[in-house]
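**Q** Okay, sequence plus prediction incoming.
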Amino acid sequence: MSKRLEGFIKANREEFDDLEIKAGLWGNIEERLPADFEEPAKQKKTFSLGFVLRVAATVIVVMSISFVLYLRNEKAGNGINLAAINPEYAKQQVHYARLISDKRTELKTLSKSDPQLYKEFTTEIAQMDSTYKKLSRDLTNSPNREAVLQAMIRNLQVQTELLNQQLMVIEQFNQMKKEQPNEVQDI
């Protein structure tokens with residue numbers, strides 16, 4: 001079908017090309033348009049209240065998130081961009097800080113069975129955490145920031161290892177408590 005149409009157009013091309021547009025055609029089209037019709041380029045751009053409120057809300061959310069991230073960065077490094085010192089160390093610092101936070105939460109939930117043991121464990125972690133905070137303060141004035149940052153990361157690694165050991169001790173302690181009543185019943 002399309003080949004027949006193409007053949008017809010090719011055969012009669014001269015008849016199609018000899019037609020010309022009348023000179024007053026555009027004027028006739030304009031007369032038929034409604035009187036209040038405007039071209040799209042001339043139309044006034046107005047925004048609805050809903051659109052303006054959505055844009056304003058989006059701007060507020062973006063600014064809030066940016067502010068929170070700024071505060072978190074300030075708190076993490078006392079105003080020092082750790083990634084500027086050493087990007088790899090900065091990634092490690094974030095990783096270990098997250099691990100420590102998770103382990104502390106886990107320790108708190110597992111330690112309900114023995115609050116005294118939990119108190120001893122938190123004392124050890126608090127000492128290491130105060131050392132980390134001192135290193136963090138020293139980072140701002142140190143001429144060798146990379147070495148201080150490395151010491152901070154080592155401190156976080158040791159805190160993570162200590163928390164892992166503490167969690168193992170609590171799990172073993174709880175396991176022993178579960179097994180002791182069974183041993184008494186077996187006798």
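**A** Structure received. Keep in mind that what you see is a predicted model, and the values were worked out from it rather than measured.
**Q** Show me the shaky parts of this protein.
**A** Judged against pLDDT under 70, the low-scoring parts of the chain cover residues 16-19, 36-45, 73-79, 110-111, 113, 181-187.
**Q** And it, split by domain according to the record?
**A** Domain segmentation of the chain under automatic domain parsing yields 2-42, 85-186.
**Q** now for the helix ranked longest in the chain, which elements pack on it?
**A** As assigned by DSSP state H, the longest helix anywhere in the chain is helix 145-186. Where contact means 3 or more CB pairs under 8 Å, 6 or more residues apart in numbering; DSSP states H and E, helix 145-186 is packed against helix 82-85, helix 87-110, helix 115-141. Bear in mind the C-beta positions are built from the backbone N, C-alpha and C, glycine included.
**Q** residue contacts, residue 159?
**A** By CB atoms under 8 Å, 6 or more residues apart in numbering, the contact set of residue 159 is 96, 100, 125, 128-129, 132.
**Q** now the end-to-end length of stretch 71-82.
**A** Counting by CA to CA, to the nearest Å, you get 14 Å between the two ends of stretch 71-82.
**Q** Indicate which one of the helices and strands packed on helix 145-186 is closest to residue 164.
**A** Nearest to residue 164 among those is helix 87-110 (6.9 Å), distances taken as CB to CB.
**Q** Name the nearest residue to residue 103, sequence neighbours excluded.
**A** Using CB to CB, 6 or more residues apart in numbering and skipping the chain neighbours, the partner closest in space to residue 103 is residue 163 (3.8 Å).
**Q** if we can go back for a sec, please identify which of the helices and strands packed on helix 145-186 is closest to residue 65.
**A** helix 87-110 (17.6 Å).
**Q** Any idea how far that closest one is from the middle of the chain?
**A** Distance of helix 87-110 from the chain centroid (CA atoms, centre = their mean, to the nearest Å) equals 17 Å.
**Q** again with stretch 24-31
**A** From the chain centre to the centre of stretch 24-31 is a distance of 59 Å (CA atoms, centre = their mean).
**Q** again with stretch 58-66
**A** 13 Å.
**Q** now do stretch 134-151
**A** On CA atoms, centre = their mean, the centre of stretch 134-151 falls 27 Å from that of its chain.
**Q** And for stretch 11-30?
**A** Using CA atoms, centre = their mean, the offset of stretch 11-30 from its chain centre is 61 Å.
**Q** No more questions from me, cheers.
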